[in-house]
Each structure stands twice: as structure tokens, then as C-alpha cells.
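**Q** Sequence first, then the predicted structure:
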Amino acid sequence: MNEVTAMEQIGFPILSVLLFLPVVFMVALAFVKNEQLAYRIGLAGAALTFILAAFLAYSFRIGTSDMQFVERLGPLPGIGVGYYLGVDGVSILFIPVTALLALLVVLYAEYSVQADARHYLMATLGLEATMLGAFLSLDLVLFWAFFVLELVPAYFLITRWGTGDRRREAAFSYIYFMLTGAALMLVGMVLLAVNHSMVAGSGLSFDFVALLDVPVSESLQTVIFFLLFIGFAVKAPLFPLHTWMPKVLEEGPVVGMSVFLVGIKLGTYGMLRFIIPLLPEAAREWLWLMAVLGAVSIVYGAMIALIQTNLRRLLAFASVSHMGVVVLSIFTLNIYGLEGGLLQMINFGVAGAGLFFVAGFINTRVGPPELSSLGGVSTNAPWLTVAFLVIALATVGLPGTGGFNGEHLVLIGAFEVHWALSIAAGSAIFLTAAYFLWYFQRAFLGDVNERTVHKMKDLRLREMVITLSLGAVIFWIGLATTPFVERMRPSLEALETRAGVTSPDSFAESGEGQSSEASIARVNDVPFAGAEGGNPEPISDARLENRESGKARERGIRRRSLHRIRRKYVEREGASVGDERVENDPTPHSPLPTPDLSDRRERP
């Protein structure tokens, strides 16, 4: 993998500035005593961070899978840990989304936080910094450190500004689950570093790019795969590791921590960033288990959401269902599924955060968003009603919203693997519509609740700014998807090539009987002495650029494989097949019907 340093690309270490900017403002807030001044400083810090994040996304070079804006320091001798930052198509979109959500949380803090706003803003900026650090890190231990550091501000946000009586219990549940998952992740990362030392002979390394160049045996891949997957599945969360989330979202802060938990998909990002590229053979081997877990999460989360009367708990289980869609999609390991899964992480993040803001708007007016306290909201708050409906329909996949394009890619990617997976992914659309419209009908269109109707005011100026900002992003992704897809596609194409069973060329050259170790070596671009014919050539950039011709060759290989199967079947039944050479006839003669596999849908 090629790298472009920040100094070469932009002239200053933009990622370090982006990472430490919230920290600087967090420290500045520690010396401020005036609450109004604290709001202004916190808002300025969040705004500057967002502007810099937007500039980073704008400056990102499209059409390449290179790691960009790279900054390196170290690694430390002996332990292999270094300060290594960079972004590519997998991570670039998460940076401005994280900064935008932090800005909106700070903007709403004046309405939602009634006590000790200064420390609330410090915790929010600290949480933003740890989230950004996780997305920017390319050293596994550095990523893990940010993953764990996020627990510190999260604990204080839940216990100090939570709204439920059991918020301390919810905080400890969150810490327990996250630390358990982090411990498993750390063991898996250490095993990867030890494997690098044994295979490469150059000592321990937690460098992501260096680890890509070192093959991992099949048995060790399986062990590391489950260690990392469980850690990330807890964070996502996926069924059955989700039990902490409803507690935290119901007992914790209405906005703030909840917006980050629902809006920032760090768990599924970790699967896409580390598990699939570092452990491609294990990802292929356990694809169906991942698909089953995704399908179960989709159905389970949606069914439990259907019976919820509290909007915050409904959103918690909806998030479990949405993460099932994402996991099912990314583990299809084809370009459609990878693009759809990544796009849905952004879509679900923005829409989920928007719905939690709406829950916060309701909470500041009538208390917890229980159906018993609501009814006929549209009568006094029409703009609040429109905001909820539009954002909810974006998660369903309404045409024109980002969810539509993302769901389209997810369904194509799932169908490429098996039709049953596309049915599982498609069921999420109907189930999501069911529980959101069910709640909408009773809370916003039902009979007017005389006890609370006088408290239900329409959106205020800052609330309108928040909903319009999130709505603009939702429709931007839906109506102009190209700027988003063109940034992610080259990196995801390289990831698909790496995760493939073999490349078309190597399949044709070496046949189907090659060992799994040789397959790993080809995928990892590393020579494998045991492969037939000596050391294979590494995968070149030209093969990535000529992807379409490679796909055509792959389709030809599949046609020939189908013909061999048909030939065996017909001969077993006592018939004969023509003697034409399969290699020279793209649609060889067969008494069985031959599907036209060449007419494949072009990717959007």
C-alpha cells in the first residue's frame, strides 16, 4: 500500500492538528469560570474542528487507494508501537461526520444542560478527540488506546448528566462490556504482532500497513478473527452482545453521549478497517456465520423495537437492527456490499443521531418521550413532526435520501452471495418502516394529550439549525452520492481484491488446487515459497486499475466451471456433450439451459 505524507500533500500535519484541536479547547475550558464564556469557547472549538475536518475531506485525493495525509513517529524499539496516523477511503467520511455531530451537540448544550455546563463541554470535546483518534489511527495499539480512552469522558457524561435513576448502573454496564471487548481485541492485536515478528523476522509491529504484508496461518487467523470480532461486535453492538445499549441510551444523557453512540459506528468500522484486510481467509471462511448473526440482529432488534413505548429504547434496538444490516453487507466481501455497508454506516449514523436529537427536543418539553406523555404532537409542533418523519424515512430508504442508495447497494451485494441474504437484508426495510411509523402514528398523529399539549412547543432556532443541518446531509448523500462513493470506492476495490479467494489471473494460472497458504500469500502480495512455480508476482497497481477486465476474466472462469459441472452431470445421465473447447467458447454447447452470466448490472 502506497502512502502520501501530510507534508507532501498539504504542507502541515493536518491530522495531528485535527486530533489535538478539541483537546486544546478542552484544556482551555478548565480555566474558565463563566458559563456563557464556556459555551462560546466550546462552540468555537467544535466549529473549528468541523471546518478542518471538512477541509480534510475536500483535500482528499479521489481515484486512489493510497493512504493519505500520513504522519509517522516511531515505532518504539522493542515493543513496535508508534504514532501512525492516516486516512483512506474507508475512514475519510467518518471524520467530518464525527466533527459535525460534536458541533451540533455543543450547539444544543445550552438548551439541554442545566448544570455544570463547563465540565459537560469538556467531556464532549474529550469524547470527540478520542473518536477522531480512533478513525485516524493506523497503529493497532494507538487505535486500542483511543478506544479505551473514550470510556473516561463517557463515564462522566452518563453518571453526571444522565436522566435516569439507574444511570450509574448503566455506566458500569457500559464500562464492563467495553473493557471486556477491549481486552479480547488487545490479545488479538498482540497475536498479530507476534506473528509479524516470527514471519518477517523484524520484531514486533502493530503497524497496520506492515501487518498487511505478512501472511497469517489459517488456524491463527481464525483465533484472531474471533478475538477482534467479539470486541468490535460489543461496540457495534450486535445480538447477543447488545444488552448494555438500551440501558445507556435510556438512563444516560438525552443528547451528547447518546448521539455519539448511535451516530458513530466505531464497532463496524473496526471490522472493515482491521478484520477483513488483516484476516481475509478467516473472513471468507466465517462469512455465513457473520451473515446469520447479521440476519438475527436485524430481526431481533426490529421485533423488540416494535413493542417499545419509549423513543430512546426504540432507537437503541433499532440501532442493533441497523448494525445487523451493516455486518451482513460488509461480510459479503464484494464491492457492492462493501460500498453499501460503508454508506449505510454514514446514513444510519446521521439519521440515528437526528432521531436522538428529536428525542432530546421532546425530553426538554415534556420529559421522557413515552407514548403515555405524547399524542397529537403535530397539532402544536408541526416542524418537529416533519423533522421526525423525514429522518425516520431516511432510515427506511426513502428515494432521495442516503438510505435509498445505501440499501440498494446492500441488496445487490447480498444477492451476489445468495438470494437468502438479500431477503434478510430487505426485511430490514419493512421492519424499520413498521416500528418507526407505528411510533409516529401514536405519538405525533394520535389523540391530543391534554396533560402535556400546552408544553409541546415547536422547534426553536437552534433546534431548527440542527434538524436542517442533518436533513441537508441526508438529502445530499441521497441526491448527490457520487462525491461520497468516489472517495471510498478505490480503497474498497483494493479491499475486495484482497479479500477475494484468488485474483482471476492467479486462479487461471495455478488452478483450483492451490493451498490456503498460497492463497493468503497471493492476497497479501507476499511471495510464498510453497506455491507451484516459485514465487508468484505481487499484485500490481495496474491490476487494480484494470478491474473491469479482471471481472470479465472471472466471469469466464465461472462459466467454464459451470460447464464442467454440467458436463459431469450429463455424462452421468448417459448423454454426451460436444467436443468444443470450453476455453474458446464463452457459451459452450450443453443440453442443459445455460444462463447468460455476462449480463451483469453495472455498479451505480
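**A** Now that the structure is in, tell me what you want to look at.

**Q** Show the average pLDDT along the host helix or strand of F356.
**A** According to DSSP states H and E, F356 maps onto helix 335-366. Per-residue pLDDT values over helix 335-366 give a mean of 89.

**Q** Just give me the neighbour total for A57.
**A** As a burial measure, the neighbour count of A57 was computed by other CB atoms under 10 Å and equals 18. Just so you know, the C-beta spots here come from the backbone N, C-alpha and C atoms, and that holds for glycine as well.

**Q** Enumerate every residue touching it.
**A** Listed by CB atoms under 8 Å, 6 or more residues apart in numbering, the contact partners of A57 are I92, L93, I95, P96, R487.

**Q** Would you indicate which residues of the helix or strand encompassing it are buried?
**A** In this structure, A57 is located in helix 35-59 according to DSSP H and E. Buried residues in helix 35-59, defined by neighbour count with 16 or more other CB atoms under 10 Å: 38-39, 41-43, 45-46, 48-50, 52-53, 56-57.

**Q** tell me which of these is nearest to A6?
**A** L56 (9.9 Å; CB to CB).

**Q** nearest spatial neighbour of I429, skipping sequence neighbours?
**A** With CB to CB, 6 or more residues apart in numbering as the criterion, I429 has its nearest non-adjacent residue at 5.5 Å, and that residue is G397.

**Q** List the residues that contact that neighbour.
**A** Contact partners of G397, counting by CB under 8 Å, 6+ apart, are G403, F404, G406, E407, H408, I429.

**Q** if we can go back for a sec, ok, the contacts of A57 vs G63, which is closest?
**A** After measuring those against G63 - CB to CB - the closest member comes out as R487, at 9.3 Å.

**Q** For E3, grab phi and psi.
**A** Per-residue torsions, E3: phi -130, psi 150 (degrees, to the nearest 10).

**Q** measure the residue nearest to I429 to F356 for me?
**A** Summarising the geometry, the distance separating G397 from F356, computed by CB to CB, to the nearest Å, is 20 Å.

**Q** Quick check: buried residues in the lengthiest strand in the chain?
**A** Among the elements of the chain assigned as strand by DSSP state E, the one spanning the most residues is strand 67-73. Along strand 67-73, the positions that meet the burial threshold by neighbour count (16+ other CB under 10 Å) are M67, Q68, F69, V70, E71, R72.

**Q** And that strand, what does it pack against?
**A** Here strand 67-73 is seen to pack against strand 3-5, helix 6-9, helix 14-29, strand 83-87 when contacts are counted using 3 or more CB pairs under 8 Å, 6 or more residues apart in numbering; DSSP states H and E.

**Q** gap between it and the chain center?
**A** On the basis of CA atoms, centre = their mean, to the nearest Å, strand 67-73 sits 22 Å off its chain's mean C-alpha point.

**Q** just for this protein, where's the confidence low?
**A** 449, 452-454, 501-604 (pLDDT under 70).

**Q** Narrow the contacts of G397 to those in helices?
**A** G403, F404, G406, E407, H408, I429 (DSSP state H).

**Q** distance of the residue nearest to the fourth one when sequence neighbours are not counted from R487?
**A** Once flanking residues are discounted, E407 sits nearest to G397: 4.0 Å by CB to CB, 6+ apart. Look at G397 and R487: by CB to CB, they are 22 Å apart.

**Q** surely T64 meets P490?
**A** Yes. T64 lies in contact with P490 (CB atoms under 8 Å); the separation is 5.5 Å.

**Q** Name the nearest residue to A171, sequence neighbours excluded.
**A** Using CB to CB, 6+ apart and skipping residues adjacent in sequence, the residue nearest A171 is I158, 4.1 Å away.

**Q** Same question for L204.
**A** L204's closest residue in space is G80 (CB to CB, 6+ apart), at 3.6 Å.

**Q** Give me the secondary structure label for the one you found.
**A** Here G80 is coil, with the state taken from DSSP: H, G, I helix; E, B strand; the rest coil.

**Q** That one: what's it in contact with?
**A** A193, H196, G203, L204, S205, F206, D207.
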